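Chemist: from the sequence below, what's the structure:
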Amino acid sequence: MDTPRWFPDELAHAGAEHRDPAYVATYDRKATTDPTEDVALLRESQLGATSVVVDLGAGTGTFALAAAPFCGRMVAVDVSPVMLAQLRANVARLGLRNVECAQAGFLSYAHQGAPADFVYSRHALHHLPDFWKALALSRIADVMRPGGVFLLRDLIFSCELRNVERAIEAWLAGAAERAHDDDAGQIGWTRAELEEHLRDEYSTFSWLLEPMLQRAGFEINEARYSPSGVYTTYVCIKQPAVG
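Modeler: This is a model prediction of the structure:
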């Protein structure tokens, strides 16, 4: 699957912080991501010993490392060489032999071998504008077998247009007090960081993304909209090609 020269530089879209070793070193403590629910959901969807899983935007490998013991092949994909270096160190530390690491993005990942049974992505697709999201979703469908499961979590706004400002302000009000361990207060994503996300990254609306998923060849089996209207989870099924 060749990447045309007119495609964007996904590493640049990912932001400078993802190329910063100091940022990546504290990322897991800051993100506090718990993969338990996602692993359980895929296991309920028949994730098993022969399954091929692709984790797009794998970061330091929180999900990939948790799901690897339950599948046959895990391909952890991230555009950042710094994130991948940490991921590879984590794989080596745990002695996992079925995890492969690939430096690529949604638009440049070239899958090899048997089609993916599962594709997973959490809080990564928002780095692409909507035009490129649509192409990325089509490329995801291309690497999957019919009937495969695509689990997508992201900052996808399900609130009505007239309620956007209210939803955003409520979300920002719950931001962490500090970004690093050397300050006082709760560590996590600060208001300034969340505001930067809104200004500079590309979260979209659910009513824009859902037609993209369907046109890419997915059936939306389940959509979970957060009470805040800011986060959405999709469980999608790759449909057989028509014609």
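
Chemist: could you point out which element follows the helix or strand harbouring residue 149?
Modeler: Taking DSSP states H and E as the definition, residue 149 sits inside strand 144-157. Following strand 144-157 in sequence order, the next helix or strand is helix 164-173 (DSSP H and E).

Chemist: which parts of that next one are buried?
Modeler: Neighbour counts over helix 164-173 (16 or more other CB atoms under 10 Å) mark 167, 168, 171 as buried. Where you see a C-beta, it was placed from the backbone N, CA and C, and this is true even at glycine.

Chemist: closest one of these to residue 229?
Modeler: Within these, distances to residue 229 taken as CB to CB reach their minimum at residue 167, with 4.3 Å.

Chemist: quick one: strands adjacent to the strand holding residue 149?
Modeler: strand 116-122 (parallel), strand 204-205 (parallel), strand 231-238 (antiparallel) (DSSP bridges).

Chemist: most tightly packed of those strands?
Modeler: strand 116-122 (a mean of 24; mean count of other CB atoms under 10 Å).

Chemist: who touches that strand?
Modeler: Under the contact criterion CB atoms under 8 Å, 6 or more residues apart in numbering, strand 116-122 has outside partners 33, 38, 42, 45, 47, 51-57, 63, 67, 71, 75, 106, 140, 143-145, 148-154.

Chemist: try stretch 216-235
Modeler: By CB under 8 Å, 6+ apart, the list of residues contacting stretch 216-235 reads 41, 45, 134, 137-138, 140-141, 149-159, 163, 167-168, 170-171, 206, 209-210, 213-214, 236-239, 241.

Chemist: ditto for stretch 28-47
Modeler: Stretch 28-47 has contacts (CB under 8 Å, 6+ apart) with 53, 59-60, 62-63, 66-67, 70-71, 117-118, 120, 122, 149, 151, 153, 179, 181, 187-189, 235.

Chemist: list the buried residues of it.
Modeler: Here stretch 28-47 shows 30, 33, 35, 38, 39, 41, 42, 45, 47 as buried, counting by 16+ other CB under 10 Å.

Chemist: with just CA atoms, put that stretch into PDB.
Modeler: C-alpha atoms of stretch 28-47 as PDB (Å, rounded to 0.1, in the frame of the first residue of the first chain):
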ATOM      1  CA  ASP A  28       2.100   7.000  30.900                       C
ATOM      2  CA  ARG A  29       1.900   8.600  34.300                       C
ATOM      3  CA  LYS A  30       0.100  11.600  32.800                       C
ATOM      4  CA  ALA A  31      -2.300   9.700  30.600                       C
ATOM      5  CA  THR A  32      -3.200   7.100  33.300                       C
ATOM      6  CA  THR A  33      -4.900   4.900  30.600                       C
ATOM      7  CA  ASP A  34      -6.400   1.700  31.800                       C
ATOM      8  CA  PRO A  35      -6.700  -0.800  28.900                       C
ATOM      9  CA  THR A  36      -8.700  -3.400  30.900                       C
ATOM     10  CA  GLU A  37     -12.100  -2.500  29.400                       C
ATOM     11  CA  ASP A  38     -10.900  -2.400  25.800                       C
ATOM     12  CA  VAL A  39      -9.100  -5.800  26.100                       C
ATOM     13  CA  ALA A  40     -12.200  -7.300  27.700                       C
ATOM     14  CA  LEU A  41     -14.400  -5.900  24.900                       C
ATOM     15  CA  LEU A  42     -12.200  -7.400  22.200                       C
ATOM     16  CA  ARG A  43     -12.100 -10.700  24.000                       C
ATOM     17  CA  GLU A  44     -15.900 -10.700  24.000                       C
ATOM     18  CA  SER A  45     -15.600 -10.200  20.300                       C
ATOM     19  CA  GLN A  46     -13.600 -13.400  19.900                       C
ATOM     20  CA  LEU A  47     -10.100 -12.100  20.300                       C
END
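
Chemist: please consider this matter closed, and thank you.
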